[in-house]
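Novice: predicted coordinates and the sequence they were generated for:
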Amino acid sequence: MQAHILVVEDEEKLARFVELELEHEGYKVSKAFDGRTALEMAGRKEYDLILLDIMLPELNGLEVLRRLKQDGRDIAPVILVTARDAVMDKVSGLDAGAVDYITKPFAIEELLARIRVALKMHSRLTDLEQQSIQASAGPVNAGDKETPEEGEYKWNKLILNDKKHTVKYDGHDITLTNREFLMLRTLLENKDIVMTRDTLLEKVCGYDYIGETNVVDVYIRFLRSKIDEVYDIKMIQTVRGVGYVIKSE
């Protein structure tokens, strides 16, 4: 099935160039040249991916993303495009719900690669969610007796249930994004093994990432803010210059 991509870019020549390249790759493309139009288009139609510039007239890209996310809708994966190269701009975009970012000027080959990865990742997460729904709707054990769950990973009072797609600490629910969940599961299933940033990126995103990125560090920070800091524990440890590890208790 042909993926439908919404390109939101106020530079019309660049938007047209990206459109032609995407169509050449077999994608269907729609365009918006300002934030308000993009918000309206994304709100009334389902796209497979949104390529969203940050610096836009009417509404900037981060505000468009925030409004799309604010009602809890499950929107298409968003890749932010920005002329800025500051770390905080990238972190703000990821915090707002973007799955990736690319900085202008960019090579079209890199953009196409990031789009393929985002679409593949979204498809993979959708499959996982469907499996979770099917598992939760499965038959009840005879006598309604509780049996040990398959796909459970434990550390201290934390339990991650892969089938139910849940994380609890001492019985308290912890809400994670799909990517945070995959990052935590990867660390737990490789307990006591130091995972390099490249390995985490490959395991979580399903591809060999080429280039410099701080995406892994950002998501580790999110996990620590939701688990380590809330429950005053030190679960995720940094191995300086290498990566991260969760050690056995």
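Specialist: Ah, there it is.
Novice: and the next helix or strand past the worst-scoring helix or strand of the chain on mean pLDDT?
Specialist: Counting by mean pLDDT, DSSP states H and E, the chain has its least confident helix or strand at helix 108-136, which shows a mean of 68. Remark: after helix 108-136, the chain's next helix or strand is strand 152-155, criterion DSSP states H and E.
Novice: quick one, strands of the protein?
Specialist: With DSSP state E as the criterion, the chain has strands at 4-8, 28-32, 49-53, 78-82, 100-103, 152-155, 158-161, 166-169, 172-173, 195-196, 236-239, 243-246.
Novice: low-confidence ranges, this structure, go.
Specialist: Applying pLDDT under 70 to the chain flags residues 1, 71-74, 84-87, 122-150, 205-213.
Novice: how is it carved up into domains?
Specialist: 4-128, 148-246 (automatic domain parsing).
Novice: for the ones you listed, give me CSV that also has mean neighbour count.
Specialist: To be clear about C-beta, it is placed using only N, CA and C from the backbone, and glycine gets the same treatment. Shown next, in CSV, are the domains of the chain (neighbours: other C-beta atoms under 10 Å):
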stretch, mean neighbour count
domain 4-128, 17
domain 148-246, 16
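Novice: what sits against Ala42?
Specialist: Leu6, Ile50, Val64, Leu68, Ile75, Ala76 (C-beta atoms under 8 Å, 6 or more residues apart in numbering).
Novice: the first one and Gly43 touch, don't they?
Specialist: No. Under the criterion of C-beta atoms under 8 Å, Leu6 is not in contact with Gly43, lying 11.1 Å apart.
Novice: list the residues that contact both of these two?
Specialist: Joint contacts of Leu6 and Gly43 (C-beta under 8 Å, 6+ apart) do not exist.
Novice: returning to what we had before: what about the strands of the chain, which gets the closest to Met121?
Specialist: strand 100-103 (8.9 Å; C-beta to C-beta).
Novice: ok, the nearest residue to Val91 once chain neighbours are set aside - contacts?
Specialist: If the residues on either side of it in the chain are set aside, Val91 comes closest to Val218, at 5.8 Å by C-beta to C-beta, 6 or more residues apart in numbering. Residues near Val218 by C-beta under 8 Å, 6+ apart: Lys90, Val91, Leu94.
Novice: likewise for Ala83?
Specialist: For Ala83, the contact set (C-beta under 8 Å, 6+ apart) comprises Ile54, Met55, Thr103, Lys104.
Novice: for Tyr27, same thing?
Specialist: Gln2, Ala3, His4, Ile5, Ile115.
Novice: closest to Asn214 among the contacts of Ala42?
Specialist: Using C-beta to C-beta, those come closest to Asn214 at Ile50, 22.1 Å.
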